[in-house]
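In: My questions are about this predicted structure, shown below with the sequence.
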Amino acid sequence: MRRSLSGRVESLETKEADPCRVYFVFLEDGETDIGPQRDRMIASGPARPTDRFIPFRWKPTGADG
C-alpha cells in the first residue's frame with residue numbers, strides 16, 4: 001500500500017531536525033589545524049561530521065597583564 005503525498009509531507013513536517021551542535025576546539029601555541037582534534041572527537045563518539053567546529057586560540061597573559 002502506497003502512502004499519499006500529503007501523508008509523506010506530514011510525516012516530514014512532524015520529524016524534528018537534529019539541533020545544531022557547535023564545538024570549540026582549543027589550539028595550543030603553534031597549532032594551526034583543527035583537523036586531528038576534530039577527527040578524534042568524531043571517532044570517539046561525542047561529535048558528528050556534520051557538527052560545526054570553531055578553532056579557539058588561548059593566549060595566556062603574563063603577570064603584567
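Out: Here it is on my side, so go on.
In: which residue is nearest the middle of the chain?
Out: Centroid-nearest residue in the chain, with CA atoms, centre = their mean: Asp51, separated by 2.2 Å.
In: Now that that residue has come up, it's in contact with Tyr23, right?
Out: Yes: with contact defined as CB atoms under 8 Å, Asp51 reaches Tyr23; the gap is 6.1 Å. The way it works is simple: take the backbone N, C-alpha and C, and place the C-beta from them, glycine included.
In: that older thread, name the nearest residue to the residue nearest to the centre of the chain, sequence neighbours excluded.
Out: Arg21 (4.5 Å; CB to CB, 6 or more residues apart in numbering).
In: Now do the same contact list for the one you found.
Out: Listed by CB atoms under 8 Å, 6 or more residues apart in numbering, the contact partners of Arg21 are 47-48, 51-52.
In: Tell me which helix or strand in this protein has the weakest average pLDDT.
Out: helix 5-14 (a mean of 74; mean pLDDT, DSSP states H and E).
In: Quickly run through the sheet partners of the helix or strand just after that one, with directions.
Out: Per DSSP states H and E, the first helix or strand lying C-terminal to helix 5-14 is strand 22-27. Within its sheet, and counting by DSSP bridges, strand 22-27 is paired with strand 52-57 (parallel).
In: mind checking how far the partner strand is from the chain centre?
Out: Distance of strand 52-57 from the chain centroid (CA atoms, centre = their mean, to the nearest Å) equals 10 Å.
In: And the contacts of it?
Out: Looking at what lies outside strand 52-57 - CB under 8 Å, 6+ apart - the contacts are 20-27, 34, 38, 41, 47.
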